[in-house]
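# Output the structure for:
(2 chains)
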Amino acid sequence: MKEMLENIQKQAIDDIESSLNLKELDIIKISYLGKKGKLTSILKDMKNLTKEERPLIGKLANIVRDCIENKIKKYSEDFFKKEMIIKLEKEKIDISIPAKRQKIGKRHPLSIVLKEIEEIFFGMGFSVETGPDIEQSYYNFDALNIGENHPSRDPRDTFYIDSQTVLRSQTSPVQIRVMENQSPPLKIISPGKVFRADSADATHSPVFHQIEGLVIDKGISMADLKGTLETFIKILFGEDTKTRFRPHHFPFTEPSAEIDISCFSCNGNGCSLCKNEGYIEILGAGMVHNKVLSRCNIDPNIYSGFAFGMGLERIVMKKFKINDIRLFFENDSRFINNF
Amino acid sequence: MKLSTNWLKEYISIGCSEKEFSDKMTMSGSKVETISNQSEILKNIVVGKIIKISKHENADSLVVCILDVGACENIQIVTGATNVFEGALVPVALHKSIISGGKKIKRGNLRGVKSDGMLCSIQELGCSLSQFPYAIEDGIFIIEEKCNIGDDINAIIGNNDTVIEFEITPNRVDCFSIIGLAIEAAATLEKTISFPPILSLDKYTTLSPISVKLEKNAPCKKYMTIYIKDVSIKPSPKWMIDYLLASGISPVNNIVDITNFAMLEYGQPLHAFDADKISNNSISIRMANKDEKILALNSKEYTLNEKDLVISDSEKILAIAGVIGGISSSITSETKNILIESAIFDASNIRITSQKIGVRTESSLRFEKDISSAYTKTAIQRVCKLIDDFKIGKIYSKLESIDLEEKNIIQIPLDMSFINSFLGINITEKQTINILENLQLKINNNIITPPLFRIDIEDKFDIAEEIARIFGYNNIPSTLPKTYQKATKKPFEKFISNIHNIAISSGCSETISFPFIGEKDIQTTKVNSYIQASSIVNISNPMGEETSMLTPCTFIPMIKNLALNFKNQNKEVMLYEISKEYKKDKESSDTIETYNITIGSYGPDRDFFYVKGIVENILDFCNINNYSISPTSSIDTLHPYRCCEIYVGSDKIATIGEINPIVLDSYNVSTRCAIGKVNIDLIFSLNKQKEIYTPISKFPSSYRDLSLICDYNLPVIEIKNIIEDSIGEILENIELFDIYQGDQIECGKKSVSYNIQMRGNDKTLEDHDIDTAIDTLLTNLKQIDVRLRY
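Numbers count the residues shown, from 1 in each chain, chains lettered A, B, ... in the order given. Below is the predicted model of the structure:
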């Protein structure tokens, strides 16, 4: 019995060592350890052994079984690894084949920059307010201290729906609506489409976008206006950007200013982008006119505030060096997918 | 406003370069548009003396001049002019020179003879005959000025002025004058100003021979005249002509030039009438009669009506008030006696008349900006002073004046603490008073009185503005508001931003379109099949028919965008836009603006189902699942068999379809295009974002695959609805994985195959649970004639 077991072990080891693949190894496993396997059938003869022999042979049989099993396990692992290497190699792909993907669409360049501007102001505590495109002329003009004879009311400048209704020519009516409906402190920006009766050319468009801002509280000063806009400009155009505040006139602010920034194309040295001035005008601003405050029932002797406005297209054109405003509204996918 | 710096320097010394001066003026509120230095226009042109003139060997009409131009060697120039002679002094444009108009002159060859440059006419130097009356119009300028050979021509013709053009803001009409800008310059540079000399008229007491009548309700506040006798009409002195030309005004004769000169100085328009042409020695300021005509100074005839203010005598209109004079009473070389007018006419009346007849003059430009009456008298005194100085006439009458102006003296307390806190600066009272006084404001016992010409200054805010701009905006510190205000994003703003993200992640790129459309678009897109003309918002003053309406349907701009992309041969195009539709409410006729997202696409697989998928993603995001989707035939814009509408209750929330090929054809698009739109305002109100989580089952799922046979025309959604109803709450997912019709299926039928996944919430589903559910399903399906395919 002992000899037989040792023979089986030897035979099995030989068989395993000469096996070539997992399949052969499987057959070997069955032929020794299966229900009808060689080792299994020998063990069936255990019942013929003496009481003394049985535990000894039993022990030996277990050792033989363990030995075969371990050997098979080791070979099986090796074969698996080898075969896997071959299998994986066969699965080689050309990784340069185009991906299966739904390409992500692009936001319009005006939206990209508008979002950036909104985020900057959001960080400074400004919320976004919006208003209708079709606006009462009271909100578009009268409430903003724009006189009856002001040229901007001319039908050659502003689109009218009827004598009392216009397509807003600025987003400032939103400021009035906010001042009427909310009480100070106020800190808002109002972005949106505006409409002016300009024929379209490289720098004019009958529809464009403005972003206006308004801050009203006790003790707001012109220095606050400067600080706020300088902060905004530095974030949007870079820390090194220089700003220049020039006196100007708007009916709805006093004092009023136009704000130039150092040309980001030539750093103020003069180039075609800034028409050799070194500066580019990008914002209009000022302290909210006391007459505008009074009309909205805000006492200008208690409260003060500032407002500012900028044209989005102008900023985006300068930023991306786009030379024709009409490209924004033509909607050629090649243009939009640029960004 | 063009400012001659030579003229300005008569009243103030600027003490710095013109460039520096311009920068300072810009920063104190008078924005400089351009600076042009006259001496930089003409280059390399010198005085030359013609030594010898000889015939041109190849051309009878040309001569060859040998010239001494003050260089080592004489030069030769070929010219066709006939007025040259040996010994004449002429302007010579040398090799590499620039003449008026920017034209470059180089050495060349004229019919085989070398020419070292060009001899110049008066026009080629940018001068006019009025400056040099002895010159001739077509011929070389034979110089009679005092000069030396080789002198730069600029010095000889007096091109030494620098003209600065200012942008004047509408509130500062006083700056449409040399004096106005001089006062600004004085405040900016902290210099003193000396005002031009004027004549005191107190000694003149004779009544004017011409009586003036101001008709009731005529829009004229002030009308002053003075009668001047025995004028001698001739050209003005060169210095005055130079100033006028630099300011953009052509010289006429000494009297007209003096009125223009005084107008430029003070911003007060003046007019001179030939007094002997005024019938019956009386004029009236009245409204024109209907169809009354006048032949104006520009030789054009204008027909006026009751809205136009005129100056007339008993027979005819002498002038359109404030706009333009008439020829009948104009100053001519025969004029002996004149009447000078200085008046204040109503701004809007002048503007309307000037616009209507299409005449804008230096006078109307000033009147329509609502000038003050501060200088109405001073300007006449200045005219009288010049006439007196030039000895070209005798002041005869006293100053006749009609003055209906209400005097409104403004007094503003000086409030230092307001100025400092409002501007955020720290300026002393002394500095403040200094600034205000330089601007000609009077301060007495802390009460500020603005001068009459500063009609824009009314209150302490106006004072703060004056301080701010002269103090210098760039000297104001930069601080941040102390206001604590928490910024919030509105739910709608966040919602829109999510809709953008869904569209982008579906592959669409954002467009921004004009909302303008025209009647033709309504017709070609067949939007009129579902939108009534009465609900369209029209623009009353459109720029053209094609942009005369606000779009009532965002399909229109999207179709145009797709068409443009197709025309530009862009292969695969997926676009979206979040924009408004504009409609008129039928009852209230209020306008309604509705936000929509519009999707448009063409290209491989960019079909109806692509757009439907994006719409479903949007509805999924909103957790809107109680919608019904149904075909429609009422929208002619879309393919009648490839379109649908999505409803929640009675609200139409979305429309999807392929664009009708007939519509595409009119836009020259020959590919299938799919389009869809979702009413964002509606889905925002229906949208319910998850607030409490639904627990997920921990039990395993089971599935069944079913192949069903049904009528070919049966919408599969009906099968889906029955599956949902029949399986009930254990249903986890339905997937339609195959639709087949063909050989193995009987005619008029189709096979649809579903994978139905089920899962219990509280237990592992047993076979019989599933069988029961499927049995119920099959029974229910029979009712719509759907059976299992064996």
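# and residue B:553, how many neighbours?
As a burial measure, residue B:553 scores 26 neighbours (other Cβ atoms under 10 Å in any protein chain shown). The C-beta positions use only the backbone N, C-alpha and C, and glycine is treated the same way.
# May I have the secondary structure class of residue B:381?
With DSSP: H, G, I helix; E, B strand; the rest coil as the basis, residue B:381 sits in helix.
# List the contacts of it.
Going by Cβ atoms under 8 Å, 6 or more residues apart in numbering or on different chains, residue B:381 touches B:198, B:199, B:200, B:201.
# okay but the first one is in contact with residue B:386, surely?
No - in this structure residue B:198 lies outside contact range of residue B:386 using Cβ atoms under 8 Å: 9.5 Å.
# Give me the common contacts of these two.
Joint contacts of residue B:198 and residue B:386 (Cβ under 8 Å, 6+ apart) do not exist.
# the more surrounded of the two?
Per other Cβ under 10 Å, whichever of residue B:198 and residue B:386 has more neighbours is residue B:386, with 24 against 19.
# quick one: that one from chain A, how far?
For residue B:386, the distance to chain A equals 33 Å [Cβ to the nearest Cβ, to the nearest Å].
# try residue B:284
Applying Cβ to the nearest Cβ, the value for residue B:284 to chain A is 26 Å.
# And the helix or strand hosting that residue, how far out from the chain middle?
Using DSSP states H and E, residue B:284 sits within strand B:282-287. Chain-centre distance of strand B:282-287: 38 Å, with Cα atoms, centre = their mean, to the nearest Å.
# mind listing what it pairs with, with the direction of each?
strand B:211-214 (parallel), strand B:309-312 (antiparallel) (DSSP bridges).
# Send me the first one as CSV with only the CA atoms.
Taking Å, rounded to 0.1, in the frame of the first residue of the first chain, the C-alpha atoms of strand B:211-214 are listed here in CSV:
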residue,chain,number,x,y,z
SER,B,211,-37.8,148.1,-34.3
VAL,B,212,-38.0,144.6,-33.0
LYS,B,213,-41.2,142.8,-32.2
LEU,B,214,-41.3,139.5,-30.4
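# Pull out the buried residues from it.
B:212, B:214 (16 or more other Cβ atoms under 10 Å in any protein chain shown).
# ok and the residue in the stretch 151-300 of chain A nearest chain B?
residue A:223 (2.6 Å; Cβ to the nearest Cβ).
# Ramachandran coordinates for that residue?
phi -60, psi -40 (degrees, to the nearest 10).
# list the contacts for it?
Residue A:223 touches B:423, B:424, B:425, B:476, B:477, B:478, B:479, counting by Cβ under 8 Å, 6+ apart.
# Repeat the analysis, applying 10 Å as the threshold.
By Cβ atoms under 10 Å, 6 or more residues apart in numbering or on different chains, the contact list for residue A:223 reads A:306, B:421, B:422, B:423, B:424, B:425, B:476, B:477, B:478, B:479, B:480, B:481.
# Which neighbouring residues are in contact with the single nearest residue of the stretch 51-200 of chain B relative to chain A, exactly?
Residue nearest to chain A within the stretch 51-200 of chain B (Cβ to the nearest Cβ): residue B:169, separated by 3.5 Å. Counting by Cβ under 10 Å, 6+ apart, residue B:169 makes contact with A:247, A:248, A:249, A:250, A:256, B:29, B:30, B:31, B:175, B:456.
# which SS state does the third one fall under?
It stands for residue A:249. Applying three-state DSSP: residue A:249 is strand.
# what number of residues lie near the residue lying closest to residue A:286 once chain neighbours are set aside?
Sequence neighbours aside, residue A:253 is the residue nearest to residue A:286 in space, at 2.6 Å (criterion: Cβ to Cβ, 6 or more residues apart in numbering or on different chains). Residues within reach of residue A:253, counting by other Cβ under 10 Å, total 26.
# sorry, back to before: check contacts around the closest residue to the residue of the stretch 151-300 of chain A closest to chain B other than its chain neighbours.
Nearest residue to residue A:223, sequence neighbours excluded (Cβ to Cβ, 6+ apart): residue B:424, at 2.6 Å. Residues in contact with residue B:424 (Cβ under 10 Å, 6+ apart) are A:219-227, B:468, B:476-479.
# Dihedrals phi and psi, residue B:698?
According to degrees, to the nearest 10, residue B:698 has phi -100, psi 10.
# For stretch B:714-721, list the C-alpha coordinates in PDB.
C-alpha atoms of stretch B:714-721 as PDB (Å, rounded to 0.1, in the frame of the first residue of the first chain):
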ATOM      1  CA  LEU B 714     -49.100  50.900 -32.800                       C
ATOM      2  CA  PRO B 715     -47.000  53.500 -30.900                       C
ATOM      3  CA  VAL B 716     -44.700  51.500 -28.600                       C
ATOM      4  CA  ILE B 717     -45.400  54.000 -25.800                       C
ATOM      5  CA  GLU B 718     -48.800  52.300 -25.500                       C
ATOM      6  CA  ILE B 719     -47.000  49.000 -24.800                       C
ATOM      7  CA  LYS B 720     -44.700  50.700 -22.400                       C
ATOM      8  CA  ASN B 721     -47.600  52.300 -20.500                       C
END
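# Quick one: distance of that stretch to the chain centre.
Distance of stretch B:714-721 from the chain centroid (Cα atoms, centre = their mean) equals 58 Å.
# now swap in stretch B:36-54 and tell me
That offset, for stretch B:36-54, works out to 42 Å (Cα atoms, centre = their mean).
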